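Chemist: dropping the sequence and predicted coords here.
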Amino acid sequence: MELNDGNLQTLTEFMRKTLDPDQSVRRPAEKFLESVEGNQNYPILLLTLLEKSQDNVIRVCAAVTFKNYIKRNWRIIEDEPNKISDPDRTTIKANIVHLMLSSPEQIQKQLSDAISIIGREDFPMKWPDLLTEMVTRFQSGDFHIINGVLRTAHSLFKRYRHEFKSNELWLEIKLVLDTFASPLTELFKATIELCQTHATDINALKILFSSLTLISKLFYSLNFQDLPEFFEDNMETWMSNFHNLLTLDNKLLQTDDEEEAGLLELLKSQICDNAALYAQKYDEEFQPYLPRFVTAIWNLLVSAGQEVKYDLLVSNAIQFLASVCERPHYKHLFEDQNTLTSICEKVIVPNMEFRSADEEAFEDNSEEYIRRDLEGSDIDTRRRAACDLVRGLCKFFEGPVTAIFSGYVNSMLGEYAKNPVVNWKHKDAAIYLVTSLASKAQTAKHGITQANELVNLTEFFVNHILTDLNSQNVNEFPVLKADAIKYVMIFRSQLPKEQLLQAVPLLVAHLQAESTVEHTYAAHALERLFTMRGPNNSTLITPTEMAPFTEQLLNNLFKALALPGSSENEYIMKAIMRSFSLLQETIVPYIPTLIGQLTHKLLLVSKNPSKPHFNHYLFESLCLSIRITCKANPTTVGSFEEALFPVFTEILQNDVQEFVPYVFQVMSLLLEIHTSSIPNSYMALFPHLLQPVLWERTGNIPPLVRLLQAYLEKGAATIASSAADKIPGLLGVFQKLIASKANDHQGFYLMNSIIEHMPTESIVQYRKQIFILLFQRLQSSKTTKFIKSEYSLKLMLTFVALISPPCCTFSKYGAIALQEIFDSIQPKMFGMVLEKIVIPEVQKVSGPVEKKICAVGIIKILTECPAMMDTEYTKLWTPLLQALIGLFELPEDDSIPDDEHFIDIEDTASYQTAFSQLAFAGKKEHDPIGDAVSNPKILLAQSLHKLSTACPGRVLSMLSTSLNAEALQYLQGYLLAASVQLV
């Protein structure tokens, strides 16, 4: 794309169309931009547009498009084409800092993010002058520019807060500190002086306090990994000024807004964070400053109001106290009974109260409320911080703290009992107080795993929780109902099973509650209860125990999806998935009705996918419906195809990118269930699956490979007879996949299926080319994954090992064929492969099926390949046998994989935004050799016996002269077990 006015005008027009609410206008425009983004100069045109366009909307749109383009394409992935040309990369880095600093704030933020994305990849090695260019701008005196630099530095350095320690990280941080720490400190001091100079100028103070907040955030990032020498030397400067800022109270910076935190609150919140960091990690160095920070932060807490704008400040201030009270060094500060009482009375109890703002969020912003309360989101709440402080105090003072709080809990419950309608918030606070007091250790998977023994959880459940759950009116006191449900959910591992069973029908009833929070909590609680383990790795709650409630459970779950605000409620859909998985064949009578509802829901959400977890659980539920029903009656697969294929066709035609990988997985599942030949509807789709455009998206690759494997498994003969012209396309897919570092293993999966299932005559002409491609990749690859790959090894040995038919020992391709192919590619290649790949690498193969395939392949090379006995390859015979015995005698992995019922998608390595593996669409590991070889050790003994009979004395001679004593001993054991001898 040329840098000219015509292209700028075209881009402008398409940018404007991407903002159109009409999908028929917006989607083609998005497709056009996607199609041209690979062209050279495209990113430069975007930068030109955001700099020079007269239309501010287009400038912002260009900035957002540019940032997203950088996010998608800047990283260079080995073995994949560079998506941004080198000249464009150089031009971007040369201009982006200046452009960012000279742009309005809205655009500046987008470009700042883009710089941090580029910096994550290129800084410092490929962008050494970035920091210097930024630091020199501190001298400008223009705080619009300075704040731009600080914002960019913050987005660049904040990753230091969560990076794992490594030499590369230390070197980078050292470089940053050498360049940045001193100028940052000088800027900090200068900005504080300017605050004093302009103490009466509100506009100047707003800019300066924004700078101080950003400087404080940078301080946190640069000090997070370790205490840098520079900051230790300058601790007095930083801590004295931080303390002064904490105690500062400039009336001009106070705001009337009760919701939005002002600049003063934001700065003080960050300083509390910084002080907590030092108190936690560098307590020895921080000790001289600690008392004055404790005093200042205590005063902040006591004086802060209940308004929402103080939430972050109060939360961070409480977190500071929590981090201090957990350290043995500071234990003495809290030992006095009056101090503990004062903390409980003035800090903890007031910040556990359910405020009108919380009530508003509960009713009107339920999604945000759930995210904060249930998921423990990063946006800290007062309640969460107060709970952490209780936990911290209990570390050393469990008895006194429990006694003090018990008094408060009884008092609050007493107030509630006097007048429940007016005083229900007292009970809410009491429940929260008991929860925070009882919780010592907690995980998302199991709830509370360790509880305070001084709190009787069962008694509290019976006396105060069950009464709310039992209430006939599920819509009365919805906050207390939600509290009660949450109590069951988080203490599920501590409560006896009979109480959990007592709660199940009550939770099912609460799925009908009008309150979004209440019915969401009910769905989540049921889902968590269904994943609890009982004896023998089974579920704690059994399908038999659920039988009386099954119909009501399914009805209420699907009705809940129709309640206002819950049409795409991920917790409800996850509960549907988990209910299907728990109940198994019990749900078969309901499936004809439910599949219609699920399909209709899929059609609706495919128009505009916006909730990835909801969508994932929806597809999981579809897979479970198919698996459970077809397990009982495989012929019902056709009715599922009738229901689903119209929606799948629409998804594929509209190219709904988020759903295409899911569709391929469900289609694989359906196709694998077929017992007869491959249906025509699938064969019609087969040529389209080989189109290169489908394989360009990384998210499509795993499910597409799985689908092609299903085609090969069910219809290899059909493909060979009626779609033989597509076999080169199939091999082209293999070639593309093994050329990629990220996807080479998928190429091997595909080729294994081709070798296993395709009729020999249909691919015999391609055999040599397949191995040439393999060796070219081995030669060109610099990655350990490929050179030492069990995939390439397994592919070669699969070629040798496959037996057809299972009842005899006729090899489908065989060891002789492999040796002849390799040596026809290059003389003595067969020996090189054995010596350099098979012998040194075979013991790294893992998994019982993989080990079996490799063992059978090696046995056939040892005993059915004449060249191993009569040529220069003979010297490799004993080392190969020794390697095989080593493979046999490696320790077995006896761990039992988790039953899919208990798996959470967030825990699976294959869950990502581009492609998410469906747990319930998975297939069992396939053994291509099957029962033809039950024990490879016995096969080795029998094959060696046969070989020694054909070559008397040769085998025994090679074993006695070359095989080590330990291996020989193992081999004698195999011969004994097979009841054969060598001659």
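Modeler: Good, I have the coordinates.
Chemist: show me the shaky parts of the chain.
Modeler: 79, 376-379, 440-450, 780-813, 892-915 (pLDDT under 70).
Chemist: can we see that at 50?
Modeler: The model of the chain has pLDDT under 50 over residues 378, 782-789, 803-812, 893, 909-912.
Chemist: element containing residue 20?
Modeler: Using DSSP states H and E, residue 20 sits in no helix or strand.
Chemist: next, the contact list for it, please.
Modeler: 26, 29 (C-beta atoms under 8 Å, 6 or more residues apart in numbering). (Each C-beta comes from the backbone N, C-alpha and C, glycine too.)
Chemist: swap in residue 921?
Modeler: Here residue 921 is in contact with 619, 620, 623, 665, 666, 668, 669 (C-beta under 8 Å, 6+ apart).
Chemist: equivalent analysis for residue 499, please.
Modeler: 458, 461, 462.
Chemist: ok, back up a step: just put the contacts of residue 921 in a markdown table and tack on secondary structure and distance to residue 283.
Modeler: Listed next are the contacts of residue 921 as a markdown table, based on DSSP: H, G, I helix; E, B strand; the rest coil; distance: C-beta to C-beta, whole Å:
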| residue | secondary structure | distance to residue 283 |
| --- | --- | --- |
| 619 | helix | 50 |
| 620 | helix | 47 |
| 623 | helix | 52 |
| 665 | helix | 51 |
| 666 | helix | 55 |
| 668 | helix | 56 |
| 669 | helix | 56 |
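Chemist: from those residues, which two are the most distant?
Modeler: Greatest spatial distance among the contacts of residue 921 (C-beta to C-beta): 620 and 668, at 14.3 Å.
Chemist: and stretch 499-516, how far out from the chain middle?
Modeler: 30 Å (C-alpha atoms, centre = their mean, to the nearest Å).
Chemist: ok, so of the contacts of residue 921, who is nearest residue 472?
Modeler: Taking these together and measuring to residue 472 by C-beta to C-beta, the closest member is residue 620, at 34.4 Å.
Chemist: you'd agree that closest one is up against residue 577?
Modeler: Yes: shown here, residue 620 and residue 577 form a contact pair, counting by C-beta atoms under 8 Å, at 4.6 Å.
Chemist: what's the overlap in contacts for the two?
Modeler: Joint contacts of residue 620 and residue 577 (C-beta under 8 Å, 6+ apart) are residue 920.
Chemist: quick one on the thing from earlier: which of the contacts of residue 499 fall in helices?
Modeler: Among those, the ones falling in helices (DSSP state H) are residue 458.
Chemist: of the contacts of residue 499, keep whichever come out buried.
Modeler: residue 461 (16 or more other C-beta atoms under 10 Å).
Chemist: list just the nearest of the contacts of residue 499 to residue 52.
Modeler: Using C-beta to C-beta, residue 461 is the member of the contacts of residue 499 that sits closest to residue 52, with 66.8 Å.
Chemist: who's in contact with that closest one?
Modeler: 487, 488, 491, 495, 499 are the contacts of residue 461 under C-beta under 8 Å, 6+ apart.
Chemist: export the residues you listed to JSON lines and tack on distance to residue 773 and secondary structure?
Modeler: Shown next, in JSON lines, are those (distance: C-beta to C-beta, whole Å; DSSP: H, G, I helix; E, B strand; the rest coil):
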{"residue": "487", "distance to residue 773": "61", "secondary structure": "helix"}
{"residue": "488", "distance to residue 773": "58", "secondary structure": "helix"}
{"residue": "491", "distance to residue 773": "58", "secondary structure": "coil"}
{"residue": "495", "distance to residue 773": "60", "secondary structure": "coil"}
{"residue": "499", "distance to residue 773": "62", "secondary structure": "helix"}
